[in-house]
Structures are given as C-alpha cells and as structure tokens.
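Enquirer: Whatever this is, show me its structure:
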Amino acid sequence: MKVFRSIGRRKTSVARVLLFQNNSNSVNIKVNNIDFVSYFPSKILRAIIERPFNKLSLFNYSIFVNIKGGGFKGQAEAIQLAIARVLCKINSDFRIVFKKEKLLTRDSRMVERKKPGRKKSRKKFQFSKR
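Expert: As a prediction, the model looks like this:
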C-alpha cells in the first residue's frame, strides 16, 4: 500500500495529510484521530474539505490529517489545499482540473501584526485636543 503525503497552509493553520487507497467505495477522513464529521460540525466546512473529491468523483481513499493552529475555517481551507496537492501527486492529470477551480492556490493572507503605540495593527488611540 502506497502512502502519499502533503502539507497545506492557511492563515496560521498547518495541515499535514496522509492519503491511502482503500477498498470501500467511500472517503474516510480522520482529523487529529477524530472523524471529520465530529471535528467539523458545520456542513459548509465539510463541503470545503470534500470539494477536491467531488470535482473528480473519487471515493476510494482514506485520509489522516494532523492539523495545528488557527480557527475552523482556516483549518478547513488548509486541509482542502493539502488534499488537492496530494491528489495531484497521485495523478498529474488532476492538476488541470484543480488549477481551473483554484484549489492549488495558497491563500497567503495573514493577520497584520500589532504595531507599538497603537491599539491594533492600524487603529490608533483616541486623540484628545484638550
């Protein structure tokens, strides 16, 4: 059995994915040793994660995800990127489909750091004239 690995990042989330082929006709996803339906209770976040499989109609894989950092949305998008990358390692023809859907693009937007002498990164303290 061949194992494929990939990493996906979004904001401060880092997802490490291991992908195995299985014999069942379903996708089995475990996130931090918890079933992904329990880990992501929102249907929207589950749809984000399953999007690479739905685009290709693939259903015979087991995926183990180790994720750290960030919130649920950032984690889901990091997992989506990692899954798309690992599927491209299996078959390079998938790359064309994923590129068209922008699933291989790493979203580099991060939170801007707080500056000294300010309330947040750009917000200033209230100015008092008197």
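Enquirer: quick one, what contacts the residue positioned nearest the centre of the chain?
Expert: The chain has A78 as the residue nearest its centroid, 2.0 Å off, counting by C-alpha atoms, centre = their mean. With contacts defined as C-beta atoms under 8 Å, 6 or more residues apart in numbering, A78 is in contact with 8-10, 13-15, 67, 70. For the C-beta atoms, the positions are set from N, CA and C on the backbone; glycine is no exception.
Enquirer: Save those residues as a markdown table, and put in secondary structure and distance to S42 too.
Expert: Shown next, in a markdown table, are the contacts of A78 (DSSP: H, G, I helix; E, B strand; the rest coil; distance: C-beta to C-beta, whole Å):
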| residue | secondary structure | distance to S42 |
| --- | --- | --- |
| G8 | strand | 19 |
| R9 | strand | 21 |
| R10 | strand | 16 |
| S13 | strand | 16 |
| V14 | strand | 21 |
| A15 | strand | 17 |
| I67 | strand | 15 |
| G70 | coil | 15 |
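Enquirer: Pick the one among the residues you listed closest to V31.
Expert: Closest approach between the contacts of A78 and V31, by C-beta to C-beta: I67, at 6.1 Å.
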